[in-house]
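Visitor: Curious how this folds, go ahead:
(4 chains)
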There are 2 protein chains.
Amino acid sequence: MKKAKKKIFHDFITRRGLKSTRQRDIILDAFLSSERHMSIEELYLKLRTRHPSIGYATVYRTLKLFAESGIANEIHFGDGQTRYEHVSEGEHHDHLVCTRCGAIIEFENETIEKLQAEVADSHGFLIETHKLELYGACEKCRK
Amino acid sequence: MKKAKKKIFHDFITRRGLKSTRQRDIILDAFLSSERHMSIEELYLKLRTRHPSIGYATVYRTLKLFAESGIANEIHFGDGQTRYEHVSEGEHHDHLVCTRCGAIIEFENETIEKLQAEVADSHGFLIETHKLELYGACEKCRK
DNA sequence: TATATTCTGAAAATCACTTTCAATGGGGGG
DNA sequence: CCCCCCATTGAAAGTGATTTTCAGAATATA
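Guide: Modelled structure (predicted):
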């Protein structure tokens, strides 16, 4: 599936008349082999050990491209840091965010989604995206 | 209920050994008599017409105090502006955010809340707060 | 009222990005 | 295979929102 995502990204690059570069490949590899919720800073630091010449701006620019191409999603957890998560075809999930240790747990719940759609309908509202985050203490941190 | 909130805030001020000042009173009045979702900028501009000497920093600092005292809530809608909304005792609501015109519609749904609690439980997670936002087109903007 | 803090406004600093710019590098046309 | 036109890059400057600093002003308490 890493391959599938690489293909999606390269197709996107081509379609847009952009260029395939060494930096983009390196950043894509680093992103695909990282945790699911990576802040830009974290990814940049991870990259820096092996590729110290890659600039901060390039990481920012490239992650934006990942999001546009559909292989990544931008997320904000209210801590002023933008994160990117991997997107898998047709899947949607929400997050439990531990305010103690920062752990992020993903979950899916169709009933909630259905109810959201009902609420929106009843207001004549057309949902494009949504964000559901539960903040609190994860199992480990409760003790 | 404005009075109730003023009291809550003053009690908070006292409890913390802080001081009651002219500026805080003015900002509190302006906040309480404003729309439910006010950005800091908006509140600052509103204040400036009558009280041009109140500084930006003071507005920021004071709104933070409102949030700490429990009479206001900080919210982020992903547009890089922090907003504050009024908090009413024991009430919780979520938002429909129109990505076209910026309108914000509030809603409550107990069933969703219940399902959220179930999801959290099943992960051993203890919810403190949550955020549910549905982004899309409001009734007016759909046409 | 004296006194010890806390507050305030203005300006400088920070933080997380974004843009600029000159140099470098892909990649289709010839 | 080489050109040449753009896209891309890294470093540095620029942004926009928010915070901090600092010296003077305002409160609360003794």
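
Visitor: Now do the strands for chain A: every range, in order, please.
Guide: A:37-39, A:72-76, A:82-86, A:94-98, A:104-107, A:126-137 (DSSP state E).

Visitor: now the third one against strand A:94-98, angle please.
Guide: So that's strand A:82-86. Angle, strand A:82-86 to strand A:94-98, by axes from the mean of the first three to the mean of the last three CA atoms, to 10 degrees: 130 degrees.

Visitor: follow-up on the earlier one: mean neighbour count and mean pLDDT added to the strands of chain A, as a markdown table?
Guide: To be clear about C-beta, it is placed using only N, CA and C from the backbone, and glycine gets the same treatment. Below are the strands of chain A laid out as a markdown table (neighbours: other CB atoms under 10 Å in any protein chain shown; pLDDT from 0 to 100):
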| stretch | mean neighbour count | mean pLDDT |
| --- | --- | --- |
| strand A:37-39 | 18 | 93 |
| strand A:72-76 | 17 | 95 |
| strand A:82-86 | 20 | 96 |
| strand A:94-98 | 21 | 96 |
| strand A:104-107 | 16 | 95 |
| strand A:126-137 | 18 | 96 |
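
Visitor: can I get these in a markdown table with distance to chain B?
Guide: Output for the strands of chain A, formatted as a markdown table (distance: least, CB to the nearest CB, whole Å):
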| stretch | distance to chain B |
| --- | --- |
| strand A:37-39 | 16 |
| strand A:72-76 | 6 |
| strand A:82-86 | 10 |
| strand A:94-98 | 5 |
| strand A:104-107 | 5 |
| strand A:126-137 | 4 |
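
Visitor: Now tabulate those strands in JSON lines and tack on distance to residue A:24.
Guide: JSON lines is the format used below for the strands of chain A (distance: least, CB to CB, whole Å):
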{"stretch": "strand A:37-39", "distance to residue A:24": "16"}
{"stretch": "strand A:72-76", "distance to residue A:24": "13"}
{"stretch": "strand A:82-86", "distance to residue A:24": "14"}
{"stretch": "strand A:94-98", "distance to residue A:24": "28"}
{"stretch": "strand A:104-107", "distance to residue A:24": "26"}
{"stretch": "strand A:126-137", "distance to residue A:24": "26"}
